[in-house]
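Colleague: coords below, sequence missing:
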């Protein structure tokens, strides 16, 4: 019951972020709902397909779809009268990322796949919905934007989950620790504007070669 409640909370937060992104693109009601649903269930859907889990989680439990649609409609009503608290939503999104990441890690671990695959499935669950949101809204996906600590936080949290699973601990300890890592890294990035180093190639010699070709 607690796990379902946490999953529903993650779905709601991601649906809200999707609805806001659709609103910034001035989409109609159907567009807002579609983007919200894609954002909230996209990662889990891809995870289930890759792990060959049948039926896909939102088909087995349609409550996920209902929560996503309700969150999208609530967002539409809220923004008509109030300005969305962007900073608060970033914090909520950090918790949503943590919930989805560790949920994906738990499901993959229970499927008996290798630890590296567990981390991959966790990251896909956590970030792929956001990738769908950004692609559908014609934006560069957040995980590809310069320096953003987003997928990195999911990787770190999922890795911590897998490592702690090797010890004889209460099952809730790896999950809570993994979520704490994700939330901690993401909030640190938000508060202190932390970024990853940027890899940039300098085009040495190009101008010189062009100059020679002009002679």
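Modeller: Sure, I can see it. Quick caveat, the model's predicted, so the values are computed rather than measured. Numbers count the residues shown, from 1 in each chain.
Colleague: give me the most central residue, the protein.
Modeller: For the chain, the residue sitting closest to the mean C-alpha position, by Cα atoms, centre = their mean, is residue 127 at 2.8 Å.
Colleague: the helix or strand where that one lies packs against which elements?
Modeller: If you go by DSSP states H and E, residue 127 is part of helix 115-136. Helix 115-136 sits against helix 2-24, helix 29-50, helix 86-110, helix 151-164, with contacts defined as 3 or more Cβ pairs under 8 Å, 6 or more residues apart in numbering; DSSP states H and E. All C-beta spots, glycine's among them, are computed from the backbone N, C-alpha and C.
Colleague: any chance of those in TSV, plus mean neighbour count, mean pLDDT and distance to residue 79?
Modeller: Conversion of the helices and strands packed on helix 115-136 to TSV gives the following (neighbours: other Cβ atoms under 10 Å; pLDDT from 0 to 100; distance: least, Cβ to Cβ, whole Å):
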stretch	mean neighbour count	mean pLDDT	distance to residue 79
helix 2-24	21	88	6
helix 29-50	22	96	10
helix 86-110	22	90	11
helix 151-164	22	96	27
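Colleague: if we can go back for a sec, OK, contacts around the residue nearest to the centre of the chain?
Modeller: Residue 127 makes contacts with 43, 97, 142-143, 150-151, 154, as judged by Cβ atoms under 8 Å, 6 or more residues apart in numbering.
Colleague: swap the cut-off to 10 Å and go again
Modeller: By Cβ atoms under 10 Å, 6 or more residues apart in numbering, the contact list for residue 127 reads 42-43, 97, 100-101, 104, 141-143, 150-151, 153-155.
Colleague: and residue 188, by the same measure?
Modeller: Going by Cβ under 10 Å, 6+ apart, residue 188 touches 94, 149, 153, 194.
Colleague: which one of those residues sits closest to residue 112?
Modeller: residue 153 (25.8 Å; Cβ to Cβ).
Colleague: now the nearest residue to the closest one once chain neighbours are set aside: phi and psi?
Modeller: Excluding its sequence neighbours, the residue lying closest to residue 153 (Cβ to Cβ, 6 or more residues apart in numbering) is residue 185, at 3.8 Å. The phi and psi torsions at residue 185 (degrees, to the nearest 10) take the values phi -70, psi -40.
Colleague: and residue 185, what pLDDT?
Modeller: Looking at residue 185, its pLDDT is 95.
Colleague: one more: the one 10 residues further on?
Modeller: Among the per-residue scores, residue 195 shows a pLDDT of 82.
Colleague: using the three-state scheme, assign it.
Modeller: coil (DSSP: H, G, I helix; E, B strand; the rest coil).
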